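In: need a structure here:
(one chain, ligands or ions: 2)
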Amino acid sequence: MNTPAAGIAPAVVWPESLSLPSSVTLPAPAKLNLMLHIVGQREDGYHLLQTQFQFLDFCDQLTFELTGEHSGGIELISEMKDVAAEENLIVKAGRQLQRCHPDRILPDVRITLEKRIPMGGGVGGGSSDCATALIALNYLWQLNMTVDQLAEIGVSLGADVPVFVRGNAAWAEGIGEQLTPIYLPEPYFVVLIPDCHISTAKIFSNKELTRDSRIMKIAPALEQGGHNDCEPIVRSLYPEVDEAVSWLAQFSKTQMTGTGACVFAGFKDKETAIKILCQKPENWQGFVAQGKNISPLFSKLSEFIES
Ligand SMILES: C[C@@](CO)(OP(=O)(O)O)[C@H](O)COP(=O)(O)OP(=O)(O)OC[C@H]1O[C@@H](n2ccc(N)nc2=O)[C@H](O)[C@@H]1O
Ligand SMILES: Nc1ncnc2c1ncn2[C@@H]1O[C@H](COP(=O)(O)OP(=O)(O)O)[C@@H](O)[C@H]1O
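Out: Ligands and ions are numbered 1, 2, ... in the order given. Below you'll find the predicted structure:
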């Protein structure tokens, strides 16, 4: 019998405890929404979605160092200029964990962020940085919180944080927080980064947005894929995104991820993807990365399991 190319997967099991060195560098992967259907809207205005998340092996890097002090300090070193440290989702993750343990004085930590994932691109960099901080600090501070507890803190910081906390590619429903682990083919994606910053709230509040896509069952959705309901609105408002989709679509089926701005197309082999990326207009930004069903963060942390 042939194994299907896509289906429901077992959830990864995070190790209960790990002995991490006092200075450790961990990845925060980007994600793609391989389809994004809007199937309704809640009374509070939030939209009900059906989406497929897959990770990319294209990552920010976060280095965590315990400084030896015990004064509740969380220092963030980063080149991000537009977001103040206390507003950064990395520091917010640490503060939430501290708030959950008011009776403990947790070790001070210095976190150095090497930012590679384009911001506001629909590739989830902020949410992923947040999830890596939740997971890493849970181990480093020996809090023994469960993945469910971390995902619950995560969703209060951003709708996309839980998928990064759980570590599986996923079929998502609700506002994106009801997750079913899945496996999918792992192609090489060409990702183009149009030079525009798109506000998620602005796209979701657009009157023309399709909000009544047909509700799909998981099996046909994994088999057939889908489209992105935000894409027509974004393409009409941002010519940079429209041009990027039209250009990449010459080579393969192309879609936008999340509420944009990044657009992507998948290819079977890396060489083809790199060849296509090299043909893009010189002033455009982009990268090639492989789709991953298991988060690169989980794979990296598995190296620290004591045998
Ligand atoms: C739709 C997705 C798909 O991945 O888009 P991207 O952000 O990745 O582009 C995400 O779930 C987005 O998640 P995130 O970016 O964390 O959104 P949030 O900060 O929670 O919400 C920003 C705003 O978008 C709107 N919003 C968000 C999610 C949702 N399911 N319905 C909404 O209507 C709300 O107005 C909210 O105030
Ligand atoms: N560590 C972080 N990395 C990126 N963005 C962050 C971070 N912390 C807070 N933010 C805020 O979150 C917003 C959305 O971030 P991002 O995850 O890059 O977008 P998207 O969800 O479109 O992929 C940014 O514009 C920024 O203001």
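In: Contacts only, for the residue in the stretch 51-200 of the chain positioned nearest to ligand 2.
Out: With CB to the nearest ligand atom, the shortest gap between the stretch 51-200 of the chain and ligand 2 falls at Gly126, namely 2.9 Å. C-beta coordinates here come from the backbone N, C-alpha and C atoms, glycine included. Residues near Gly126 by CB atoms under 8 Å, 6 or more residues apart in numbering: Leu89, Met119, Gly158.
In: ok, it to Ala159 distance?
Out: 11 Å (CB to CB, to the nearest Å).
In: Please apply the same query to Leu62.
Out: From Leu62 across to Ala159, the span is 21 Å (CB to CB).
In: A helix includes Ala201, no?
Out: Yes - Ala201: assigned to a helix according to DSSP: H, G, I helix; E, B strand; the rest coil.
In: Neighbour count: Leu62 and Ala159, which is higher?
Out: Between Leu62 and Ala159, Leu62 has the larger neighbour count (other CB atoms under 10 Å), namely 24 against 18.
In: quick check, the more buried one in a strand?
Out: Yes - checked against three-state DSSP, Leu62 lies within a strand.
In: which residues does it bridge with?
Out: Following DSSP bridges, Leu62 is listed with bridge partners Leu26, Leu113.
In: Emit the PyMOL select command for whichever of the contacts of Gly126 are buried.
Out: Buried members of the contacts of Gly126, defined by 16 or more other CB atoms under 10 Å, are picked up in PyMOL with:
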select buried, resi 89+158
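In: Return the closest of the contacts of Gly126 with respect to ligand 1.
Out: Nearest member of the contacts of Gly126 to ligand 1, counting by CB to the nearest ligand atom, is Gly158, at 3.4 Å.
In: Now for the residue nearest to that closest one when sequence neighbours are not counted: which residues touch it?
Out: Excluding its sequence neighbours, the residue lying closest to Gly158 (CB to CB, 6 or more residues apart in numbering) is Ser127, at 4.7 Å. By CB under 8 Å, 6+ apart, the contact set of Ser127 is Leu89, Gly154, Leu157, Gly158, Ala159, Asp160, Val161, Val163, Phe164.
In: repeat for Gly260
Out: Neighbouring residues of Gly260 by CB under 8 Å, 6+ apart: Gly121, Gly122, Pro194, Cys196, Ile198, Ile203, Cys230, Glu231, Val234, Tyr238, Val241.
In: Pull out the C-alpha coordinates of the lengthiest helix in the chain and format them as PDB.
Out: The helix that spans the most residues within the chain, counting by DSSP state H, is helix 125-140. Provided in PDB are the C-alpha atoms of helix 125-140 (Å, rounded to 0.1, in the frame of the first residue of the first chain):
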ATOM      1  CA  GLY A 125       8.900  35.700  13.100                       C
ATOM      2  CA  GLY A 126       7.600  37.500  16.200                       C
ATOM      3  CA  SER A 127       5.400  34.600  17.200                       C
ATOM      4  CA  SER A 128       8.300  32.100  16.700                       C
ATOM      5  CA  ASP A 129      10.700  34.200  18.700                       C
ATOM      6  CA  CYS A 130       8.100  34.300  21.400                       C
ATOM      7  CA  ALA A 131       7.600  30.500  21.400                       C
ATOM      8  CA  THR A 132      11.400  29.800  21.400                       C
ATOM      9  CA  ALA A 133      11.700  32.100  24.500                       C
ATOM     10  CA  LEU A 134       8.800  30.300  26.300                       C
ATOM     11  CA  ILE A 135      10.300  26.800  25.600                       C
ATOM     12  CA  ALA A 136      13.900  27.800  26.400                       C
ATOM     13  CA  LEU A 137      13.100  29.700  29.600                       C
ATOM     14  CA  ASN A 138      10.900  26.900  30.800                       C
ATOM     15  CA  TYR A 139      13.900  24.600  30.600                       C
ATOM     16  CA  LEU A 140      16.600  27.100  31.800                       C
END
